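Participant: show me how the following folds:
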Amino acid sequence: MAKPTNVLLSPALRAVAKRRANERGLSVSAYIRELIRSDDEATSATSGEIAPLIGMLGTGAEPTDIARHKHEMVQQAFSQDLDSKRRARTGHE
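Facilitator: Next comes the predicted model:
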């Protein structure tokens, strides 16, 4: 059950809240609730939890082991970039 909460806003901040709420077709109260939910979701998303990442590739996806080969992958990417820059400078593409 929702409980009333009083929030003191300066006239300028109240005007901003009212304008932004109107732009979204919301009451100021609904707009404030939306901001709180959004802030809470953003905080949860940056909490370091890996559970939301599990299963991102779907069921049956091949597991990957990027960490084991990351140095080789970075070296390969830099080598390819360096080679393409050399070819561009010499006109050999």
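Participant: ok, longest helix in the chain?
Facilitator: helix 66-90 (DSSP state H).
Participant: pull the distance from that helix to the chain's centre.
Facilitator: For helix 66-90, the gap between its own C-alpha mean and the chain's C-alpha mean amounts to 28 Å (Cα atoms, centre = their mean, to the nearest Å).
Participant: now that helix: buried residues?
Facilitator: By neighbour count with 16 or more other Cβ atoms under 10 Å, helix 66-90 contains no buried residues. Backbone N, C-alpha and C define where each C-beta goes, glycine included.
Participant: what do you get for stretch 19-27?
Facilitator: residue 21.
Participant: off-centre distance for that stretch?
Facilitator: Relative to the centre of its chain, stretch 19-27 is centred 24 Å away, using Cα atoms, centre = their mean.
Participant: for the chain, give me the ranges with low pLDDT.
Facilitator: Where the chain drops to pLDDT under 70, the residues are 44-67, 91-93.
Participant: and with 90 instead?
Facilitator: Along the chain, the model assigns pLDDT under 90 to residues 1-2, 37-93.
Participant: so it: which segments form each domain?
Facilitator: 10-45, 65-93 (automatic domain parsing).
Participant: can I get those domains in a markdown table with distance to residue 1?
Facilitator: Shown next, in a markdown table, are the domains of the chain (distance: least, Cβ to Cβ, whole Å):
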| stretch | distance to residue 1 |
| --- | --- |
| domain 10-45 | 14 |
| domain 65-93 | 48 |
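Participant: show me the helices in this protein, by range?
Facilitator: Counting by DSSP H, the helices of the chain are 11-24, 28-45, 66-90.
Participant: which one of these lies closest to residue 4?
Facilitator: Of all those, helix 28-45 sits nearest to residue 4, with 9.3 Å by Cβ to Cβ.
Participant: just checking, what packs against the closest one?
Facilitator: If contacts are counted by 3 or more Cβ pairs under 8 Å, 6 or more residues apart in numbering; DSSP states H and E, helix 28-45 sits against helix 11-24.
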